[in-house]
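Peer 1: based on what follows, work out the 3D shape:
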Amino acid sequence: MDLAGQILIAMPGMADPRFERSVVLVCAHSDEGAMGLIVNKPLEELSFSGLLEHLNIPLGPEGRDIRVHFGGPVERGRGFVLHSADWARDGEGTMKVPGGLEMTATINVLEALASGGGPGKALLALGYSGWGPGQLEAEIARNDWLTCEAPEGLLFAPDDGAKWSAALRGMGIDPLTLSAAAGRA
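Peer 2: The predicted structure is shown next:
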């Protein structure tokens, strides 16, 4: 099973509070483990302009203001930009994600966004979600996660608070019918 490019939707019985009501895009998945980014938990205490200032990157008059998210509990000081594949660059530090997406972990994407360029759609995540060999599969078997294709527009939708419910509805599930007990059944 290769889940790269799929989303994980946390079930109500999720035992780890860091992943409660999370929507995670799986960026890479192999026998060695998995890596993904939570796409619906903005970091209220950090703005993009504040991050740019901290990194000494000037925000130009055409610069874009993208949201900064909690990408997961691993390496929280490291940034990843999930973005559309329409950005011409040298390709170093960029990983293709199935579904026509890319993830860049180099400062050049931040500089491009700060100057008004860069990819058409972008989401910045600090930290990532990681699983060791077989760990994600075990969590799915335990009913911690539902998996599906990302509904059109979900990943970059402006309302982070609605992404979890929208992901469930995209699978034909009414979020109000789920209970914490159902996640553990």
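Peer 1: alpha carbons only for contacts and neighbour counts from here, please
Peer 2: OK.
Peer 1: Thr106: neighbour count?
Peer 2: If you count neighbours by other C-alpha atoms under 10 Å, Thr106 ends up with 16.
Peer 1: now do Glu102
Peer 2: Neighbours around Glu102, by other C-alpha under 10 Å: 21.
Peer 1: just the helices in the chain please.
Peer 2: All helices of the chain, identified by DSSP state H, fall at 48-54, 107-114, 135-141, 163-170, 180-184.
Peer 1: just list whatever residues bridge to the residue nearest to Leu46 when sequence neighbours are not counted.
Peer 2: Of all residues not flanking Leu46 in the chain, Val68 sits nearest, at 6.8 Å (C-alpha to C-alpha, 6 or more residues apart in numbering). Residues in a beta bridge with Val68, per DSSP bridges, are Leu124.
Peer 1: of the helices of the chain, which is nearest Glu92?
Peer 2: Closest of the helices of the chain to Glu92 is helix 107-114, at 9.8 Å (criterion: C-alpha to C-alpha).
Peer 1: quick one: contacts of that closest one?
Peer 2: Here helix 107-114 makes contact (C-alpha atoms under 8 Å, 6 or more residues apart in numbering) with 52, 57-60, 62-65, 81, 118-119.
Peer 1: please name the residues that touch Arg64.
Peer 2: 113-116.
Peer 1: before we move on, back to that, show me how to select, in ChimeraX, the buried members of the contacts of helix 107-114.
Peer 2: Buried members of the contacts of helix 107-114, defined by 16 or more other C-alpha atoms under 10 Å, are picked up in ChimeraX with:
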select :57,59,63,64,81,118,119
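Peer 1: who's in contact with the residue nearest to Leu46?
Peer 2: 42-43, 46-48, 123-126.
Peer 1: now the helices of the chain in CSV, with mean pLDDT and distance to Gly72?
Peer 2: Output for those, formatted as CSV (pLDDT from 0 to 100; distance: least, C-alpha to C-alpha, whole Å):
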stretch, mean pLDDT, distance to Gly72
helix 48-54, 92, 18
helix 107-114, 93, 19
helix 135-141, 95, 14
helix 163-170, 93, 16
helix 180-184, 47, 21
